[in-house]
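Student: Please work out how this folds:
(one chain, ligands or ions: 2)
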Amino acid sequence: MCGRASIEKLCSRCLFIFPVVASITVIWTMFIASNNITPKLTDILAEVDLNETNVNTHKGYITLNEINEFVFKPFGYEIIEATLPVPTVHMLNEPSCGFIFSEWLRVSQKPQPSIPPKEIPESFSDEFLLNGYAGLTKWYFNDHSSTGDSPRNWNRTSEFMSFSKAELGALAYNKESESMYHAMSGYPLRSKSGLVIGSMQPWVEVMALKHGVRKVLTVEYNSLTIPNEFRSRLSAIKPVEFAENWQTYAGTFDFAASFSSIEHSGLGRYGDIIDPIGDLREMLKIRCLLKKGGLLFLGIPFGTDAIQYNAHRIYGSIRLAMMFYGFDWLATYSGESELPIDLTTTLLHSKGPSQYAQYTVVLKKI
Ligand SMILES: *[C@@H]1O[C@H](CO)[C@@H](O)[C@H](O)[C@H]1NC(C)=O
Ligand SMILES: *[C@@H]1O[C@H](CO)[C@@H](O)[C@H](O)[C@H]1NC(C)=O
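Tutor: Residues are numbered from 1 along each chain as shown. Ligands and ions are numbered 1, 2, ... in the order given. Now for the predicted structure:
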């Protein structure tokens, strides 16, 4: 079978194969070289995706290409993948953690108005409203005043430890708050240490402790009195002191949790400084504080991009993309369900303009 004749036959065929292989190599090399001067095929395909993928906004359906050019790029982001309902973006020039905290300290120490502004200051309008791609309605609060929303019930922490998830949820937003409990149940938190941002009542902290968390640090503007029996597990720090000492905490937390807090950052409602990107700054700060692979349990209002000034922001496809920068979006929990839900485009916009639902998303630091 393997006689000399067959080898000779094979080798005469080899002579024909050689020029074929050589020309393929030459063509391939030319193709690679041409890639350096003309746009890559993948870039062209990505651009087609951006022109053919739409997101729902208060102005109707808009192509991702338009959002990329008129919102993301001016805000310092760019789409890298046309995912829905939240496009995947990266930052054009990612700031260092040192810069993020020093900028936050600089902005937060500007003089603050004694009464929260009733309207978005004209000079900040485009920045607040995503260059016109976010809707605006009015819903005004002055929680800077002594009668406004302020921390309470920290002296009931012990009693709360015996509460069910429904009773804990009822301290805040009922069913919607239960999504935080469901999200925490989905991930191993035993013996972990975490950060809670913005707590009027210690319900998020108690949910964490009930999941076996070892230590929680709460970042809150107001002074909190933590009961003695919880002082080995719960502690609190004010945002300015925290930011000034960020290096002590950077990369140390296994998880962070925040429900109904970050959407208020920079709207002035709580007497905080007016800052159109206050929420995005918070996300960048949290990312600096988490360990790599650390989790963020984030509860915010979901809907079509809008601001109900100065009550809160509503997060749709556009702002969520910027919020989620640097994280993998692992899951979404709704108060209705112990298991994660599929947050589709339809569900995201199901409530209509200026309506929202609060879910807890689980994000993982990349
Ligand atoms: C995408 O749309 C923009 C604006 O309409 C256009 O300039 C560009 O050529 C389009 N790109 C592709 C690949 O279709
Ligand atoms: C907690 O503090 C509030 C306000 O100071 C007080 O009215 C309440 O009785 C306290 N509750 C407990 C359980 O100590």
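Student: going forward, measure contacts between C-alpha atoms and count neighbours the same way
Tutor: OK.
Student: my guess is Y315 meets Q308, correct?
Tutor: No - between Y315 and Q308 there is no contact under CA atoms under 8 Å: 11.1 Å.
Student: Strands of the stretch 201-350 of the chain, start to end?
Tutor: Along the stretch 201-350 of the chain, the segments classed as strands by DSSP state E, counting those that start in this stretch run 215-219, 234-237, 253-259, 290-302, 306-310, 312-314, 327-333.
Student: which of the ones you listed is buried the deepest?
Tutor: Burial among those, expressed as mean neighbours by mean count of other CA atoms under 10 Å, is greatest for strand 312-314, which shows a mean of 27.
Student: Centre of the chain to it, how far?
Tutor: The chain centroid and the centroid of strand 312-314 are separated by 14 Å under CA atoms, centre = their mean, to the nearest Å.
Student: Mind giving me the packing neighbours of it?
Tutor: Under the contact definition 3 or more CA pairs under 8 Å, 6 or more residues apart in numbering; DSSP states H and E, strand 312-314 sits against strand 290-302, strand 306-310.
Student: try it again with 10 Å
Tutor: Counting by 3 or more CA pairs under 10 Å, 6 or more residues apart in numbering; DSSP states H and E, the packing neighbours recorded for strand 312-314 are strand 135-139, strand 290-302, strand 306-310.
Student: Just give me the neighbour total for the closest residue to ligand 1 within the stretch 251-366 of the chain.
Tutor: Using CA to the nearest ligand atom, the closest approach of the stretch 251-366 of the chain to ligand 1 is made by I318 at 18.3 Å. I318 is surrounded by 24 other residues when neighbours are defined as other CA atoms under 10 Å.
Student: about what we covered before: the helices and strands packed on strand 312-314: which one's closest to H182?
Tutor: Nearest to H182, of all these, is strand 290-302, at 10.4 Å by CA to CA.
Student: angle of that closest one against strand 327-333?
Tutor: Orientation of strand 290-302 against strand 327-333 (axes from the mean of the first three to the mean of the last three CA atoms, to 10 degrees) gives an angle of 50 degrees.
Student: Return strand 290-302 as PDB; C-alpha atoms alone will do.
Tutor: This file holds the C-alpha atoms of strand 290-302, laid out as PDB (Å, rounded to 0.1, in the frame of the first residue of the first chain):
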ATOM      1  CA  LEU A 290     -14.200  46.900  46.100                       C
ATOM      2  CA  LYS A 291     -11.800  44.100  45.800                       C
ATOM      3  CA  LYS A 292     -11.400  42.800  42.200                       C
ATOM      4  CA  GLY A 293     -14.400  40.500  41.700                       C
ATOM      5  CA  GLY A 294     -16.200  42.300  44.500                       C
ATOM      6  CA  LEU A 295     -20.000  42.600  44.300                       C
ATOM      7  CA  LEU A 296     -22.200  45.600  44.300                       C
ATOM      8  CA  PHE A 297     -25.900  45.200  45.200                       C
ATOM      9  CA  LEU A 298     -27.400  48.300  43.700                       C
ATOM     10  CA  GLY A 299     -31.100  49.300  44.100                       C
ATOM     11  CA  ILE A 300     -32.100  52.300  41.900                       C
ATOM     12  CA  PRO A 301     -35.300  53.300  40.000                       C
ATOM     13  CA  PHE A 302     -35.400  51.600  36.500                       C
END
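Student: Might one say that N56 is in contact with I318?
Tutor: Yes - using CA atoms under 10 Å, N56 makes contact with I318 at a distance of 9.1 Å.
Student: Which neighbours do these two have in common?
Tutor: Contact criterion CA atoms under 10 Å, 6 or more residues apart in numbering; residues shared by N56 and I318: P85, Y133, T304, D305.
Student: In PyMOL, how would I select just the buried ones from those residues?
Tutor: Provided next is the PyMOL selection string for whichever of the shared contacts of N56 and I318 are buried by 16 or more other CA atoms under 10 Å:
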select buried, resi 85+133+304+305
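Student: Could you list the residues in contact with the host helix or strand of L105?
Tutor: Mapping L105 onto the secondary structure by DSSP states H and E places it in helix 97-108. Applying CA under 10 Å, 6+ apart, the set of residues contacting helix 97-108 from outside is 94-96, 109, 239-247, 250, 266, 272-275, 278, 281-282, 284-289.
Student: Which positions in this structure make contact with ligand 2?
Tutor: N153, N155, R156 (CA under 6 Å from any ligand atom).
Student: lowest-pLDDT helix or strand in the protein?
Tutor: Considering only helices and strands, the least confidently modelled element of the chain by mean pLDDT, DSSP states H and E is helix 4-35, at a mean of 52.
Student: tell me the secondary structure for the closest residue to ligand 1 within the chain?
Tutor: Using CA to the nearest ligand atom, the single residue of the chain nearest to ligand 1 is V48, 4.4 Å away. The local conformation at V48, judged by DSSP: H, G, I helix; E, B strand; the rest coil, is helix.
Student: my guess is it contacts N54, does it?
Tutor: No - proximity of V48 to N54 does not meet the contact threshold set by CA under 10 Å, at 11.7 Å.
Student: intersection of neighbour lists for these two?
Tutor: Taking CA under 10 Å, 6+ apart as the contact rule, the neighbours common to V48 and N54 are L64, N65, A82.
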